[in-house]
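1. Task: produce atomic coordinates for the following.
(2 chains)
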Amino acid sequence: MIKPKIIIVMAVIAIFIWTMFAPPPFLVPLKMNLANIARFPFRIISLSLNSLNDISKLFYIDSEKLALKRRSFSLERKLIELREISLENKRLKDLLDLRSNAAKSSIAALVIGRDPNNWASVVFIDKGKRDGVVKDMAVVSNQGLVGRVREVGKNFSKVMLINDVDSKVAGLLQQTREQGLLVGTPEGRCKLIYLSLEADVKKGDTVLTSGAGSIYPKGMLVGEVVHVAKERGRLSKYAIVKPYAELSKLEEVLCIK
Amino acid sequence: MYKINRLRDYGLILLAFLMQVFLADFLKAGSAKPNFMIIITAFFALFADERFGLEAGFICGAILDIFALRLFGLNTILFSFSGYIIGRFNNKIYRESIVTYAIVVFLMSFFILSSYRLFIGLENRFLLSSLTLGFVFSPVVFLAALYNSFLGTLAHTFLSRALKLGETSVL
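-> From the prediction side, this is the model:
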């Protein structure tokens, strides 16, 4: 005779396994309403930590060096963008089809927390439905692509970063126009997969979004190739990409549509 | 003997959660991210009983699941199960020892982190094709478990003094 306690435990486990692989539609709103409670304390703590960080920078970092570093990075970024614009311009002229890739609307948000789980790369932002944030908006920082909005609450949203295990971004190598799929790994790395064996990929190549799919606009800066290798047992190559955006130090981001 | 005080103990769980959200990424050692929720669940399960171990595990797991994007409920199951098992057998081990606590945190971390990787691999079709034992029991899991057990010794020292649990011994 099976004890009722065991039956209850088994039923609870079965329900959990069911919600794990086939989440019911009410689950996300329920989770977001619960998570919304944490928005205010998260915001206060993150603002305090950011202020402390800024104060410590004032004391420990030579401001001139920092400004020069920023300027150099900004110039480098502009150069990459100009190169991309020039290549794009050439192609567009050839096609006589001029189209703008500019984002239609953008919402600035503050990063107020991070996913506490070990194998996830997710950040929480202080903007939600009330501010116009919708699911699948692309999220960028001043350095490059960050990720996309996955779950939206009233005034709180979860952003899946590009190095998350579930993230998939259609990528493009700026120099060779080779296309691949940028996926995240559980260790928080970015990997550009499905590159053909003949693809001319080398360390230092710039990766941009290809615009395939409807989430990420074309030509957004993603990162730089740091390692190239052949996939074991497959007829393709992969590249490890270091994102331009410092994903572990995000403070402010922009959600774009 | 550990006396359960729910207000204080839930406060400690909340503190561990805030540390997990705001400090864990700063304390990352390579790819190994510490998990304060495992450390606190192991502490309650070891010093209280299986009921409170289960309760603490359930709360910690449920909080993690609310803020997670995927696999809702997995943390709740893994944490509750670990909390219950540790609490069930805590009278058979020398729980006052820091070494015992470090081993318990290591085993619990290894179990939870590798199980989570297994489910991530089963859920994600890009990973499913390369799902091997090497992926589930990756060196990162081992490093993260080791890191947790190191942080656990610090937490043990702090908590046993703060909660006046008696002398802590190295052996």
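2. Once you drop chain neighbours, what's closest to residue 73?
-> Using chain A here. Nearest residue to A:Phe73, sequence neighbours excluded (CB to CB, 6 or more residues apart in numbering or on different chains): A:Gln143, at 7.6 Å. Any C-beta I mention is one placed from the backbone N, CA and C, and that applies to glycine too.
3. nope, chain B
-> Closest residue in space to B:Gly73, ignoring its immediate chain neighbours: A:Phe16 at 3.4 Å, by CB to CB, 6+ apart.
4. Which helix runs longest in chain B?
-> Longest helix in chain B by number of residues, with DSSP state H as the criterion: helix B:98-123.
5. Just confirm yes or no for that one near chain A.
-> Yes. For helix B:98-123, a contact with chain A is found by CB under 8 Å from any CB of the partner chain, at B:Leu113, B:Tyr116, B:Arg117, B:Phe119, B:Ile120, B:Glu123.
6. Who wins on neighbours among those?
-> B:Leu113 (29 neighbours; other CB atoms under 10 Å in any protein chain shown).
7. Okay, and the residue lying closest to it once chain neighbours are set aside sits in which element?
-> Spatially, and ignoring its direct neighbours in sequence, B:Leu113 is nearest to B:Val141 (4.7 Å; CB to CB, 6+ apart). Element membership of B:Val141, judged by DSSP states H and E, is helix B:139-162.
8. can you dump the C-alpha coordinates of that helix into CSV?
-> The C-alpha trace of helix B:139-162 is given here as CSV (Å, rounded to 0.1, in the frame of the first residue of the first chain):
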residue,chain,number,x,y,z
PRO,B,139,35.1,21.2,-14.5
VAL,B,140,33.1,24.4,-14.0
VAL,B,141,30.6,22.6,-11.8
PHE,B,142,33.5,21.1,-9.8
LEU,B,143,35.1,24.5,-9.4
ALA,B,144,31.9,26.2,-8.5
ALA,B,145,31.2,23.5,-5.8
LEU,B,146,34.7,24.0,-4.5
TYR,B,147,34.3,27.7,-4.4
ASN,B,148,30.9,27.3,-2.6
SER,B,149,32.5,25.1,0.0
PHE,B,150,35.2,27.6,0.6
LEU,B,151,32.7,30.4,1.1
GLY,B,152,30.6,28.0,3.2
THR,B,153,33.4,27.7,5.7
LEU,B,154,33.4,31.5,6.1
ALA,B,155,29.6,31.5,6.4
HIS,B,156,29.8,28.7,9.0
THR,B,157,32.3,30.7,11.1
PHE,B,158,30.2,33.8,10.9
LEU,B,159,26.8,32.2,11.4
SER,B,160,27.8,29.8,14.2
ARG,B,161,29.2,32.8,16.1
ALA,B,162,26.3,35.1,15.3
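9. Any part of stretch A:22-41 near chain B?
-> Yes. Counting by CB under 8 Å from any CB, chain B has neighbours in stretch A:22-41: A:Pro23, A:Leu27, A:Lys31, A:Leu34, A:Ala35, A:Ala38, A:Pro41.
10. Only the buried subset of those, as a PyMOL command please.
-> Paste this into PyMOL to select the buried members of the residues of stretch A:22-41 next to chain B, with burial taken from 16 or more other CB atoms under 10 Å in any protein chain shown:
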select buried, chain A and resi 31+35+38
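11. Tabulate the residues of stretch A:22-41 next to chain B (a markdown table), appending pLDDT.
-> What follows is the residues of stretch A:22-41 next to chain B, written out as a markdown table (pLDDT from 0 to 100):
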| residue | pLDDT |
| --- | --- |
| A:Pro23 | 83 |
| A:Leu27 | 87 |
| A:Lys31 | 89 |
| A:Leu34 | 88 |
| A:Ala35 | 88 |
| A:Ala38 | 87 |
| A:Pro41 | 88 |
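12. Out of the residues of stretch A:22-41 next to chain B, list just those in strands.
-> Among the residues of stretch A:22-41 next to chain B, DSSP state E puts none in strands.
13. Around chain A, pick out the residues from chain B.
-> Applying CB under 8 Å from any CB, one finds that chain B approaches chain A through B:17-18, B:20-22, B:24-25, B:28, B:31, B:33, B:35, B:37, B:63-77, B:113, B:116-117, B:119-120, B:123-124, B:126-127, B:138, B:140, B:144.
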